[in-house]
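**Q** Sharing a model that was predicted from the sequence below.
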Amino acid sequence: MAMMDNREFLISHIRNSFITSDDTGMCEMIIDVDDEKNRSGAYTSDSGMESSDSEMSNSYDILPDMDYGAHRRRSNTSQRLERMKKEKRNQSRVKNITWKDTNVDFDVTEKSQLFEKKSLPDPETTCSFPSISRLSEQLHTSASMGENPFLEYAKFDGKASVGVATKKIDIFLTMALPDDRPYPISVVVVSTAKIQDLIGLICWQYTIEMREPMLHENTDMYCLHIAEDDGEVDTDFPSLDSREPISKFGFTKLALVEKDVPTHTSRNTIIVTVNIPHRGFNKFQIENANVTMKEILEKVLKRRKIKVRPGQCYNLEKQSVMGVPVDLEATIASMDTLDFVLVRENSSRGDSEVMEDTKTSKMAESLTSHQYKSYIVSMVHKLRTNTEVQLGVSGEKVEIDPVVGKGSARLFRQRAVTYAADNIAACDIMEDKDGGKSVFRLTYFSGHEFKHHDFEAETNTCNEIVQKFNNILELRLSPVRKEYVAIRDRKMLRKRDSLMF
């Protein structure tokens, strides 16, 4: 009770209460004490301390931690009152109607008056009404188009799927008309579909867009190949396996190709074959015979990723005429053949009869590859001169023994090493040098990573060693070889995708 009689406490309590609850701003006004002590400017509290009126007349500072912005926060009461006003205003717009069942029965005459038949104007005499509705016209048009034989593959269309992972692929149509071939169609397929499902979806979209010519109703007549950005089919790789899922491949551009080339394609398309000695061949599809041989040469160098160094020059020869380069400015039409050979200037493509004998004895060579054979080659080093070594190859192991000479230094002498055949991952030709020499790389698995040795020898010797290693790897197919091929394929796919983007 003593506090309730204390005027200073009451005034302080009132000021504190108004700071946090008053919306009108009246808490900023001064609450005066009407007595002589206030008018004198000072008074004495019950505690005996003298207080000035200036201390009590000022309101408390509003600090940032009191959660106030530019305007004072409204009280809960005012907010609740405003919500009640809004609810009342909204309820005034709602009208409740009570449903009541009626027992009145209408006779036939009254029902006929309620549902009186009306006569429609004659469409032939009235221009405001069309003779046929838009829906009927669309139904008639769709019926005249005939049934889509690939309708079962429409469920793989990603454009009509919601909440499902999809993939967009540009498809070049090799069977389309010449004017339409350079322009791919965009197909959105669900990621769970397989390659065969994608082929059916392409055929379904092709038919829906009413493209020409018509497709075969059997999707097994078509396959998908990797395509370049300009639509050229990459024949170096086989067609995609129709049983594999779409998610396994990262290609964004593919080509739909007929397995049996139709007649109209054979008339308009020319297939040029370029053989690379000891390296296989490449086939190129061209539209007309006015393409120059220089363009064919550029295509081969680009496809094989051959870098022409200063002083080097490549040319084309007819398969049937050895040692006579063709005129690069001449066209395909002026040639009497479509089979050519890529050769480097000042080099020979080798004896064709020997190559044929090699092909016929391929099986015998594969069976004898496991027999031990040694070669004298030079091991290539980056920071010092090459060292001569003896390379022994068999189906069980690979031995590298240094050939010690009188003048060889002990500091840089190559150590003898042996690798198990199951640890060998690959053996490839890396470079063809002038003077009839080449460099090949032997890749092996050591510890937890892949390493390699580079060797230099005569081109024929390098080709023989590489062929021997490849025959051994193909027959053994060790886990190291499988892992290396998988890593190489993934790198090739990423590189191709990055080039496309």
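**A** That came through, no problem. The structure displayed is predicted, hence computed values, not measured ones. Numbers count the residues shown, from 1 in each chain.
**Q** Could you measure from the closest residue in space to E228 that isn't next to it in sequence over to H225?
**A** Take E228 and drop its neighbours on the chain: the residue closest to it by CB to CB, 6 or more residues apart in numbering is D234, 6.3 Å away. (Glycine included, C-beta is placed from N, CA and C.) Using CB to CB, to the nearest Å, D234 is found at 6 Å from H225.
**Q** same question, E287
**A** In terms of CB to CB, E287 sits 17 Å off from H225.
**Q** now swap in V404 and tell me
**A** Distance, V404 to H225, using CB to CB: 53 Å.
**Q** Give me the buried positions along the longest helix anywhere in the chain.
**A** Ranked by residue count under DSSP state H, the longest helix found in the chain is helix 479-500. Across helix 479-500, burial judged by 16 or more other CB atoms under 10 Å covers V480, R481, Y484, R496.
**Q** Make a markdown table out of those and add pLDDT and distance to R441.
**A** Formatted as a markdown table, the buried residues of helix 479-500 follow (pLDDT from 0 to 100; distance: CB to CB, whole Å):
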| residue | pLDDT | distance to R441 |
| --- | --- | --- |
| V480 | 89 | 16 |
| R481 | 88 | 15 |
| Y484 | 89 | 12 |
| R496 | 70 | 22 |
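**Q** residues touching the nearest residue to H370 once chain neighbours are set aside, list them.
**A** Nearest residue to H370, sequence neighbours excluded (CB to CB, 6+ apart): G395, at 2.9 Å. With contact taken as CB atoms under 8 Å, 6 or more residues apart in numbering, G395 is in contact with S369, H370, Q371, A421, I472, L475, R476.
**Q** try 6 Å
**A** Going by CB atoms under 6 Å, 6 or more residues apart in numbering, G395 touches H370, A421, I472.
**Q** For PyMOL, what selects the buried ones among these?
**A** Restricted to buried positions by 16+ other CB under 10 Å, the PyMOL selection for these reads:
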select buried, resi 370+421+472
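**Q** between V404 and H225, which one's more packed in?
**A** Ranked by neighbour count (other CB atoms under 10 Å), V404 and H225 place H225 first, with 20 against 11.
**Q** Give me the contacts around the helix or strand containing that one.
**A** Secondary structure from DSSP states H and E places H225 in strand 222-226. If you take CB under 6 Å, 6+ apart as the criterion, strand 222-226 is touched by 199, 233-234, 237, 239-240, 251, 254-259.
**Q** What pairs with it, parallel or antiparallel?
**A** When pairs are called by DSSP bridges, strand 222-226 turns out to pair with strand 253-258 (antiparallel).
**Q** Only the buried residues of the partner strand, if you could.
**A** By 16+ other CB under 10 Å, the buried positions in strand 253-258 come out as K253, L254, A255, L256, V257.
**Q** Equivalent analysis for stretch 289-304, please.
**A** Going by neighbour count (16+ other CB under 10 Å), the buried part of stretch 289-304 is V291, M293, I296, L297, K299, V300, R303, R304.
**Q** In the sheet, which residues pair with N315? Tell me.
**A** Bridge pairing for N315 (DSSP bridges) gives the partners V343.
**Q** now it: how far from K433?
**A** Distance, N315 to K433, using CB to CB: 18 Å.
**Q** In stretch 424-443, which of the residues would be classed as buried?
**A** I424, A425, A426, C427, I429, D432, S438, V439, F440, R441, L442, T443.
**Q** residue ranges with poor pLDDT in the stretch 351-500 of the chain?
**A** 351-369, 405-414, 497, 499-500 (pLDDT under 70).
**Q** so where do the helices sit in it?
**A** Applying DSSP state H, counting those that start in this stretch to the stretch 351-500 of the chain gives helices spanning 352-360, 362-367, 459-476, 479-500.
**Q** Please apply the same query to the stretch 101-250 of the chain.
**A** Ranges of helices within the stretch 101-250 of the chain are 108-114, 134-145, 195-208, based on DSSP H, counting those that start in this stretch.
**Q** What lies in contact with the last one?
**A** Residues outside helix 195-208 that contact it (CB under 6 Å, 6+ apart) are 148, 150, 153-154, 156, 171, 187, 189, 215, 219, 222, 240, 242, 244, 246, 256.
**Q** now, among those residues, which is nearest to Q91?
**A** A154 (50.5 Å; CB to CB).
**Q** Need the per-residue pLDDT for that closest one.
**A** Listed pLDDT for A154 reads 89.
**Q** can I have stretch 302-311 written out in CSV, keeping just the CAs?
**A** Output of stretch 302-311 as CSV, limited to C-alpha atoms (Å, rounded to 0.1, in the frame of the first residue of the first chain):
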residue,chain,number,x,y,z
LYS,A,302,39.2,-33.8,-88.7
ARG,A,303,37.6,-37.2,-88.0
ARG,A,304,41.0,-38.8,-87.3
LYS,A,305,42.2,-35.7,-85.3
ILE,A,306,45.4,-35.7,-87.3
LYS,A,307,47.5,-32.5,-86.6
VAL,A,308,49.4,-31.4,-89.7
ARG,A,309,52.8,-30.2,-88.5
PRO,A,310,54.9,-27.7,-90.4
GLY,A,311,56.7,-29.6,-93.3
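**Q** Determine how far it lies from the middle of the whole chain.
**A** 29 Å (CA atoms, centre = their mean, to the nearest Å).
**Q** I'd like the numbering to begin with 807 instead of 1 from here.
**A** Understood, numbering begins at 807; the last thing we discussed is stretch 1108-1117.
**Q** can you pull the buried residues of it?
**A** Using 16+ other CB under 10 Å as the test for burial, stretch 1108-1117 gives R1109, R1110.
**Q** for stretch 1036-1046, same thing?
**A** G1037, E1038, V1039, D1040, T1041, S1045, L1046.
**Q** could you dump those to TSV with pLDDT and distance to D811?
**A** As requested, those are exported to TSV (pLDDT from 0 to 100; distance: CB to CB, whole Å):
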residue	pLDDT	distance to D811
G1037	85	100
E1038	86	103
V1039	86	104
D1040	80	101
T1041	75	107
S1045	85	102
L1046	89	97
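**Q** now the longest helix of the chain, how far from the centre of its chain.
**A** That offset, for helix 1285-1306, works out to 15 Å (CA atoms, centre = their mean).
**Q** Give me the helices and strands touching that helix, please.
**A** With contacts taken as 3 or more CB pairs under 6 Å, 6 or more residues apart in numbering; DSSP states H and E, helix 1285-1306 sits against strand 1230-1239.
**Q** Which secondary structure elements does the strand it packs on sit against?
**A** strand 1243-1252, helix 1265-1282, helix 1285-1306.
**Q** quick one: which of these is nearest K892?
**A** Shortest distance between K892 and the helices and strands packed on strand 1230-1239, using CB to CB, is found for helix 1285-1306: 57.5 Å.
**Q** what's in contact with the closest one?
**A** With CB under 6 Å, 6+ apart as the test, helix 1285-1306 has contacts from G1056, T1058, N1229, A1231, A1232, F1251, L1279.
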